[in-house]
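# With the input below, show me the fold.
(one chain, ligands or ions: 1)
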Amino acid sequence: MTMPTVLVADDDRSIRTVLTQALGRSGYQVRTTGNASTLWRWVEDGEGDLVITDVVMPDENGLDLIPRIKRVRPELRIVVMSAQSTLMTAVKATQRGAFEYLPKPFDLKELLSVVDRALVAPQPRLPDAAPPPEGEDRLPLIGRSMVMQDIYRIIARLTTSDLTVMVNGESGTGKELVARALHDYGRRRTGPFVAINMAAIPRELIESELFGHERGAFTGATNRNQGRFEQAAGGTLFLDEIGDMPPEAQTRLLRVLQEGEFTTVGGRQPIKANVRIVAATHRDLRQAIRAGAFREDLFYRLNVVPIRLPPLRERPEDIPILARHFLDKVQQSGLPAKRLADTAVERLQSHRWPGNVRELENLMRRLAALYPQETLTGEVISAELLETAIHDEPVPAGGEPERLAAAVERHIRQFLNASHDGMPMRDIYDKVIAEVERPLIQMTLASTRGNQIKAAAMLGLNRNTLRKKIRDLEIPVVRGIG
Ligand SMILES: Nc1ncnc2c1ncn2[C@@H]1O[C@H](COP(=O)(O)OP(=O)(O)OP(=O)(O)O)[C@@H](O)[C@H]1O
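Residues are numbered from 1 along each chain as shown. Now for the predicted structure:
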């Protein structure tokens, strides 16, 4: 029995060598070339059982070759590998009919398993998504970390179906962007994208917002109103913060998903639901189910394809590229160009980003608007991060912001417990006040980069009072930064 022949096209000689060895060891016959035209000639001549192609080659883009190959040899499987590991590459490769897309660098074992699968997989149905708009190279999602690569591949596959998707991730991780990408590159892209945020609508209005209402259905319903289900007909309905949906609305939504039709509030005539649903939440829905706050049956209806968006701190390698992307964006809106010093990148990568990508985006916007220097240094970033730390309440890992008073109570309890062995503690008042005053003054000074006049104004203190406090609390004075 002759072993299948794998045709490899990549302009990088070392990749050709590695693939020849690895595929050869697995018993395949291998032919390699460094350009697209030779690959095309082999394919036209009927050679090969599988193609592995790079994207950027000197004579032609591998992605452009896929439709031509599919036209002459629809049965031939194509695996795309690319160092241009963006969402668009994944979407284009999948929608043009590639069997699999592998971002470089890839794991050889994974490649071999893809090759094995490709050669035995049943005849593929051509994706029924229309090809994405050409020249559409604006990237909706930025980041090249391995976790994001996996997400791009899932999104790319999901653009060829209408499966329900559940996006889970902390606030600001890009859940809405994922929902939009699923719509913009999917089969329903010519239809509407309609979003509704369960947390932002009063609970008694949610059903009428979702399904619409008839005139006179309730007090104040002076007109018939279309709900989001009707508005999104033929397109995508994004149910944001689904974990905040009240129980009655959950029951109704479940019924609509089971029956494929809905009635408006006060209406009788069932209307066919024609939407693709993408739901999102920052909550742990399994925990909500255990607490009786979310219907398990609804969860399973929605959680057909789960996508977990990682918090930014789990993919620090994406931070520089995201930061530069946001600086470019603000530059396009007319603000001066900025660059990041290496120290700035380091500082950004060591921050925890409780607000995730949104926090990074806002920081870059603020820096572009506020700082006159062209180069942003680590020091500038630190000062700005401290400033936001003063304005934002801290969000501990548990999710809910900790009240300052709660933290203070915890510390006071410790003070009081420390005084239990007979000797009452003295000067508790001054000690506690100093504990709060010292970081307050220190951080305010850091955020004004040592400028005591500005710090006094921010604190609402007289300048002399501030100076006295700095002396009494023995706060080191750093002057003249920036
Ligand atoms: N991978 C990414 N690439 C580029 N921009 C991103 C990315 N992820 C998030 N953003 C940007 O960060 C901001 C927050 O994203 P988005 O609104 O999608 O987050 P979310 O998870 O839906 O947040 P929330 O749960 O608070 O509604 C947006 O301005 C979005 O454009």
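# From here on, just use CA atoms for contacts and neighbour counts.
Fine.
# Which of the helices or strands spans residue 248?
helix 247-259 (DSSP states H and E).
# Whichever strand or helix holds residue 440 - contacts with which helices or strands?
For residue 440, the element it lies in under DSSP H and E is helix 428-447. Here helix 428-447 touches helix 378-391, helix 452-459, going by 3 or more Cα pairs under 8 Å, 6 or more residues apart in numbering; DSSP states H and E.
# Least confident of the ones you listed, on average?
Across the helices and strands packed on helix 428-447, helix 378-391 has the smallest mean pLDDT, namely a mean of 79.
# Show me which positions of it end up buried.
378, 380-387 (16 or more other Cα atoms under 10 Å).
# Surely residue 355 and residue 282 touch.
No: Residue 355 is not in contact with residue 282 according to Cα atoms under 8 Å; the separation is 11.9 Å.
# about what we covered before: any idea which helix or strand comes after the helix holding residue 248?
Following helix 247-259 in sequence, per DSSP H and E, is strand 261-262.
# outside of that following strand, which residues touch it?
Under the criterion Cα atoms under 8 Å, 6 or more residues apart in numbering, residues 211, 256, 270-273 lie in contact with strand 261-262.
# I'd like the average pLDDT over that strand.
For strand 261-262, mean pLDDT is 92.
# Now do it: distance to the chain's middle.
31 Å (Cα atoms, centre = their mean, to the nearest Å).
# Please name the strands paired to that strand in the sheet, noting orientation.
Sheet pairing of strand 261-262 (DSSP bridges) gives strand 271-272 (antiparallel).
# Report the separation between residue 147 and residue 103.
Residue 147 sits 11 Å away from residue 103, going by Cα to Cα, to the nearest Å.
# Now name the helix or strand holding residue 347.
helix 342-350.
# how does this protein divide into domains?
Using automatic domain parsing, the domain ranges for the chain come out as 5-120, 161-308, 313-391, 426-472.
# can you put those in a markdown table and add distance to residue 408?
Listed next are the domains of the chain as a markdown table, based on distance: least, Cα to Cα, whole Å:
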| stretch | distance to residue 408 |
| --- | --- |
| domain 5-120 | 46 |
| domain 161-308 | 27 |
| domain 313-391 | 16 |
| domain 426-472 | 8 |
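# now the end-to-end length of stretch 90-105.
With Cα to Cα as the measure, stretch 90-105 spans 15 Å from end to end.
# Name the residues of it that are buried.
For stretch 90-105, burial by neighbour count (16+ other Cα under 10 Å) applies to 90-103.
# likewise stretch 430-440?
Within stretch 430-440, the residues that qualify as buried are residue 438, counting by 16+ other Cα under 10 Å.
# ok, now stretch 259-267?
By neighbour count with 16+ other Cα under 10 Å, stretch 259-267 contains the buried residues 262-265, 267.
# Could you check which residue of the stretch 101-250 of the chain lies nearest the ligand?
Taking Cα to the nearest ligand atom, the ligand has its nearest neighbour within the stretch 101-250 of the chain at residue 174, 3.1 Å off.
# How about the contacts made by that residue?
309, 357.
# hang on, isn't residue 240 packed against residue 194?
No: at 10.4 Å, residue 240 and residue 194 do not qualify as touching, with contact defined as Cα under 8 Å.
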